[in-house]
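1. make a model of this:
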Amino acid sequence: MDNRSEPARDPLITGAESEQRRSAAARLFDIRRVIGGLFAVYGIIVTLIGVFDSQAEIDKAEGVRINLWAGLAMLGFGLLMLLWQWLRPAEPPASPEERGVIGPPGSGSATDR
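-> So this is what the prediction gives:
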């Protein structure tokens, strides 16, 4: 016989923890963060390459410092994506209780009627 007992679980605390986990997961996997981060990093790299272009590379692009301009555009786009993600964070998905789904399909829940 096992004498281990589990502490009583408060449904409000577990609901808050669940909401916090969903919110963290929604922010972590926000595609704007991934795209913005990649564009910002590549933008910095290409901008640095453009700053240190040789005259031969500039002449090959008909006098346009294409690496510099492309790098600045990529960096700007990446920063805009990160700013968008910061100003309007992702909302966590609604829990089944919030959507009105109480149990699995066919169990007589509110949406099965």
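
2. all helices for the chain, in order.
-> Listed in chain order, the helices of the chain (DSSP state H) span 11-28, 31-51, 55-60, 66-87, 96-99.

3. save the ones you listed as CSV, and put in mean pLDDT too.
-> What follows is the helices of the chain, written out as CSV (pLDDT from 0 to 100):
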stretch, mean pLDDT
helix 11-28, 65
helix 31-51, 96
helix 55-60, 93
helix 66-87, 96
helix 96-99, 66
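
4. so N67 makes contact with I45?
-> No: taking contacts as CB atoms under 8 Å, N67 lies outside contact range of I45: 9.7 Å. All C-beta spots, glycine's among them, are computed from the backbone N, C-alpha and C.

5. in space, what's closest to L48 - neighbours in sequence excluded?
-> Nearest non-adjacent residue to L48, counting by CB to CB, 6 or more residues apart in numbering: G71, 7.3 Å away.

6. and what of I44?
-> In this structure, I44 finds its nearest non-sequential neighbour in L75, 6.1 Å apart by CB to CB, 6+ apart.

7. and if you look at A73?
-> Per CB to CB, 6+ apart, closest to A73 is G43, 7.5 Å.

8. contacting residues for that neighbour?
-> With contact set as CB atoms under 8 Å, 6 or more residues apart in numbering, G43 has these partners: G71, L72, A73, M74, L75, G76, F77, G78.

9. and V64, by the same measure?
-> By CB under 8 Å, 6+ apart, the contact set of V64 is I58.

10. ok, now how distant is it from Q55?
-> V64 sits 13 Å away from Q55, going by CB to CB, to the nearest Å.

11. burial check on the closest residue to R33 other than its chain neighbours, number of neighbours?
-> Distance criterion CB to CB, 6+ apart; nearest residue to R33, sequence neighbours excluded, is Q85 at 5.3 Å. Neighbour count of Q85, defined by other CB atoms under 10 Å: 19.

12. I'd say Q85 and V34 touch.
-> No: Q85 lies out of contact with V34 (CB under 8 Å); the separation is 9.6 Å.

13. what about the nearest residue to I49 once chain neighbours are set aside, how many neighbours?
-> Among residues not flanking I49 along the chain, N67 sits closest, at 4.9 Å (CB to CB, 6+ apart). Residues lying near N67 (other CB under 10 Å) number 20.
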